[in-house]
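S.K.: Would you be able to build a 3D model of this:
(4 chains)
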2 protein chains.
Amino acid sequence: MSLKLKALDQNQAIEMGKSCVCFITRKAARCITQFYDEMLRPVDLRSTQLILLNSIRILGPVSIKRLAKAVVMDRSALARNLKPLDKQGLIRIESGEDLRERVVTLTKLGLEKATEAFPLWEKAQAEVQNKLGREGLDTLFASLSGVVSLTRKK
Amino acid sequence: MSLKLKALDQNQAIEMGKSCVCFITRKAARCITQFYDEMLRPVDLRSTQLILLNSIRILGPVSIKRLAKAVVMDRSALARNLKPLDKQGLIRIESGEDLRERVVTLTKLGLEKATEAFPLWEKAQAEVQNKLGREGLDTLFASLSGVVSLTRKK
DNA sequence: TAAGATTAGGGGTATATGCCCCTATATGTC
DNA sequence: GACATATAGGGGCATATACCCCTAATCTTA
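M.R.: Residues are numbered from 1 along each chain as shown, chains lettered A, B, ... in the order given. Okay, the predicted model is just below:
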């Protein structure tokens, strides 16, 4: 930076603090995650983990790559997040026919865990829906989907 | 769990995958964070870091506790997030009059960094606003604020 | 004022997340 | 079939985030 910029003033700072989409979105993610985490505590699962188990439940035997795309997450981050689930025996990770691939499957134990978690998730979800209202929830989804697709490449 | 539950079926799984507020919110947070991060790369700051610098800019010399409350973040998580900023000399952390407290201040270098980052942030913000529209942005904010206040204790 | 309660942070532990670079495996082309 | 290219993951590195428990400092109250 060769140019001498005028130092960020209080008004600009306040504007950033109030209107930053990244800030509000991350803040909300932290809050909502804590909320779901707390609801899921009885089954000893984090929200992120339930999300993964559930996605694996849906996508059946699935490669890391495809799963990562489905949950919109970095491949290597996903792979790491799978480790605790693997260690607990909730999923199985094996080589596929294509030897480059690793195929992820839900185990019996994993399905049981997801089954136990479901009613707790429903309760959390219902509470949120209750507070935000059906419409609030719909617009929230619409907006956030907008954010996601906004930044998706390919 | 002594009760034998009926195993989570595909429809339930799909419902969870499609409607989970936690999932969509985290997904959006990841996406938007990557977007802002990329825009901020030229000044070698992450979005989270800019958010913190900016909050410190606004709140002046501020204790960890108060800052954590302002950004709605766990105290100890915040303290750790401050470390890289401290190491880079962008902030200063010292003891306050109350010896239990640590007081955080923006340094000259930190102010410069925030100043350089501001136009980049504006650009990112403008792009998002462009895609979502003024109204989309407003509803997004309303919804997310709802989520945050929904889960705030005290 | 001394004992008990409250408050601010620190450190341990575990997860979540992304980028970059490297290796192994496929695939496509001559 | 040999070589160039493309694809799937793994590992290093750095940050982000939360919970729990512990210590130090302050405040309250008997």
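
S.K.: wait, does the helix or strand of chain A with the lowest mean pLDDT contact DNA strand D?
M.R.: Using mean pLDDT, DSSP states H and E, helix A:108-151 stands out as the lowest-scoring helix or strand of chain A, at a mean of 92. No. Against DNA strand D, helix A:108-151 shows no contacts by Cβ under 7 Å from any atom of the strand, the least distance being 13.9 Å. For glycine as for every other residue, the C-beta is placed from the backbone atoms N, C-alpha and C.

S.K.: Do that helix and DNA strand C come into contact?
M.R.: No. Using Cβ under 7 Å from any atom of the strand, helix A:108-151 stays clear of DNA strand C, with a minimum separation of 10.2 Å.

S.K.: Tell me what angle that helix forms with helix B:108-151.
M.R.: In terms of direction (axes from the mean of the first three to the mean of the last three Cα atoms, to 10 degrees), helix A:108-151 departs from helix B:108-151 by 120 degrees.

S.K.: Check which helix or strand the residue nearest in space to the middle of chain A maps to.
M.R.: By Cα atoms, centre = their mean, the mean C-alpha position of chain A lies nearest to A:T48, the distance being 5.4 Å. Secondary structure from DSSP states H and E places A:T48 in helix A:47-59.

S.K.: Which neighbouring elements make contact with that helix?
M.R.: With contacts taken as 3 or more Cβ pairs under 8 Å, 6 or more residues apart in numbering or on different chains; DSSP states H and E, helix A:47-59 sits against helix A:21-40, helix A:64-71, helix A:75-87, strand A:102-106, helix A:108-151, helix B:10-19, helix B:21-40.

S.K.: so how far is the first one from its chain's centroid?
M.R.: Just to be clear, that refers to helix A:21-40. Here the centre of mass of C-alpha atoms in helix A:21-40, compared against the chain's by Cα atoms, centre = their mean, to the nearest Å, lies 10 Å away.

S.K.: Tell me which residues of it come out buried.
M.R.: For helix A:21-40, a neighbour-count test (16 or more other Cβ atoms under 10 Å in any protein chain shown) marks A:21-37, A:39-40 as buried.

S.K.: wait, does it contact DNA strand D?
M.R.: Yes. Under the criterion of Cβ under 7 Å from any atom of the strand, DNA strand D is reached by helix A:21-40 at A:R26, A:R30, A:T33, A:Q34, A:D37, A:E38.
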